[in-house]
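> Structure here, sequence nowhere to be found:
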């Protein structure tokens, strides 16, 4: 289980956000991480991944401090998708996916039949079969984004942390991949925590909402969060109207 407790995150001695109690990330959940720009969403994901940017408090994985978890165990437990793209663009898609199975391969890096079958399953789920033999440098931003998502799933971890994973996708592909990820969580018992600015779609599909508001980190069930009517306070604008059906832009503002 991934826990955060009494957590303060930030840079140096500057606290960006904090959690004043304990939060447990349950299994088989699709969790949307939301908050205004600069609220600390990416910083929180990094803290949960490797303990970076923690000023006070703890992040634990199965009751062990995240900073004390050995690299092999962590690579089998947590996968991370960031907006940074630090990898060789000369790799082919299939090669990149194969590298993500390295925590489970032998010392020669040879993949088993089960490894290949698992990669095939994820490729079908994300819909990137036609990209297998393409080099990363030839992909569009949206195609590359889908491959990066697939790479995280291929790692086969209990927790997958994603920083704006669908930001480069068309709206139809965004909906398809988010629905696929949601179903993947429910079918496999995995948990995905993903930051998003797409409130309408994110809040429609998620099971729980991890949110940062006024520097406070909290987790709530989707319905309870929506019933709390916090969105207008989190994202105030005379151009936005928040309703039971979501949000819309009003054209009658003077």
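Looks like it came in fine. What you see is a predicted model; the values in this text were computed from it and never measured.
> Grab the nearest non-local neighbour of residue 34.
residue 211 (5.1 Å; Cβ to Cβ, 6 or more residues apart in numbering). Placement of C-beta: from N, CA and C, glycine included.
> Secondary structure element holding that neighbour?
strand 208-213 (DSSP states H and E).
> Which secondary structure elements does that strand sit against?
With contacts taken as 3 or more Cβ pairs under 8 Å, 6 or more residues apart in numbering; DSSP states H and E, strand 208-213 sits against strand 30-34, helix 41-50, strand 216-221, helix 222-227, helix 231-234.
> and the angle for that strand with helix 41-50?
120 degrees (axes from the mean of the first three to the mean of the last three Cα atoms, to 10 degrees).
> Pull the residues that contact strand 208-213.
The contact list for strand 208-213 (Cβ atoms under 8 Å, 6 or more residues apart in numbering) reads 17, 23, 26, 29-36, 39-41, 44, 193, 203, 217-222, 225, 230, 233-234.
> Show the buried residues in the residues you listed.
Buried by 16 or more other Cβ atoms under 10 Å: 17, 29-35, 39-41, 44, 193, 203, 217-219, 222, 225, 230, 234, out of those.
> circling back to that earlier point, save the helices and strands packed on strand 208-213 as a markdown table, and put in mean pLDDT and distance to residue 112 too.
Below are the helices and strands packed on strand 208-213 laid out as a markdown table (pLDDT from 0 to 100; distance: least, Cβ to Cβ, whole Å):
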| stretch | mean pLDDT | distance to residue 112 |
| --- | --- | --- |
| strand 30-34 | 97 | 29 |
| helix 41-50 | 97 | 27 |
| strand 216-221 | 97 | 37 |
| helix 222-227 | 91 | 39 |
| helix 231-234 | 91 | 47 |
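> so which of these gets nearest residue 128?
strand 30-34 (20.3 Å; Cβ to Cβ).
> Can you give the contact residues for the closest one?
25, 41, 44-45, 181-182, 185-186, 191-197, 199, 202-203, 205-212, 219, 234.
> Out of the helices and strands packed on strand 208-213, the one nearest residue 169 is which?
strand 30-34 (15.8 Å).
> ok, the closest one: who's next to it in the sheet?
strand 191-195 (parallel), strand 208-213 (parallel) (DSSP bridges).
> out of the ones you listed, deepest packed?
strand 191-195 (a mean of 24; mean count of other Cβ atoms under 10 Å).
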